[in-house]
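**Student:** How does the following fold in three dimensions:
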Amino acid sequence: MKNLSLGALLFVVLFLGTHFSEARVQVCNPSGKIIGKKPPPGQCNQENQSDCCKQGKSYTTYKCSPLVSGSTKAVLTINSFEKGGDGGAPSECDNKYHSDDTPVVALSTGWYSGGSRCLKNIKISANGRSVTAMVVDECDSTMGCDNDHDYQPPCPNNIVDASKAVWKALGVSGNVGELDITWSDA
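**Tutor:** Okay, the predicted model is just below:
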């Protein structure tokens, strides 16, 4: 009887350990590829070191992002949410432009989650500092290289695309291009 109880307990522990470790290690695989098109003259805004699509180059797309935790690893990029800035159209969440002096962000498609984080705050940490920023847009990981996306490639699946105000609050120059960060829902 004692061996049966230990065996049952061992089974439960192994089952739960396996079940929960699989949930934490959700894999986000690429969902496809798009082929780059050469932007028409003057149609790709390269403010803030934005990339333009290259004719014939293959770009990976994603419908998912890594699992969000209390401290999710991501890459911070810089974006202008102002009219005429490299963000292109008004923000998805409120159909408005936002000042570069306001801490706002766009999240990769999976983290944007169909707009479920719209107008909610996230906490971004890096460089020994933290800042709270509002989600106002999607950094599209599923499409790109067209007029709607300012002829820029699709975003990778781990991007927090931030205004200059976020970079300034973290004490980092936006000229570095990319910065490893962690973020969480605020």
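**Student:** which regions of this protein sit below the pLDDT cut-off?
**Tutor:** For the chain, the stretches with pLDDT under 70 are 1-26.
**Student:** doesn't Ala162 make contact with Ile124?
**Tutor:** Yes. Contact status for Ile124 versus Ala162: in contact at 7.2 Å, counting by C-beta atoms under 8 Å. Any C-beta I mention is one placed from the backbone N, CA and C, and that applies to glycine too.
**Student:** which element follows the strand ranked longest in the chain toward the C-terminus?
**Tutor:** If you go by DSSP state E, the chain has its longest strand at strand 129-139. Moving toward the C-terminus from strand 129-139, the next helix or strand (DSSP states H and E) is strand 159-162.
**Student:** residue boundaries of the strands in this structure?
**Tutor:** Under DSSP E, the chain gives strands at 32-35, 58-61, 72-78, 104-108, 121-126, 129-139, 159-162, 178-185.
**Student:** So which elements touch the longest one?
**Tutor:** Going back to what we said before, that points to strand 129-139. Where contact means 3 or more C-beta pairs under 8 Å, 6 or more residues apart in numbering; DSSP states H and E, strand 129-139 is packed against strand 104-108, helix 109-112, strand 121-126, strand 159-162, helix 164-169.
**Student:** Packing partners of the first one?
**Tutor:** With contacts taken as 3+ C-beta pairs under 8 Å, 6+ apart, strand 104-108 sits against strand 121-126, strand 129-139, strand 159-162, helix 164-169.
**Student:** Tabulate those (JSON lines), appending distance to Gly36 and mean neighbour count.
**Tutor:** Output for the helices and strands packed on strand 104-108, formatted as JSON lines (distance: least, C-beta to C-beta, whole Å; neighbours: other C-beta atoms under 10 Å):
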{"stretch": "strand 121-126", "distance to Gly36": "30", "mean neighbour count": "18"}
{"stretch": "strand 129-139", "distance to Gly36": "17", "mean neighbour count": "21"}
{"stretch": "strand 159-162", "distance to Gly36": "18", "mean neighbour count": "25"}
{"stretch": "helix 164-169", "distance to Gly36": "27", "mean neighbour count": "21"}
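**Student:** would CSV of these with distance to His98 be doable?
**Tutor:** Formatted as CSV, the helices and strands packed on strand 104-108 follow (distance: least, C-beta to C-beta, whole Å):
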stretch, distance to His98
strand 121-126, 14
strand 129-139, 6
strand 159-162, 11
helix 164-169, 9
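**Student:** Among the ones you listed, which comes closest to Asn79?
**Tutor:** Of all the helices and strands packed on strand 104-108, it is strand 159-162 that lies closest to Asn79, at 4.3 Å by C-beta to C-beta.
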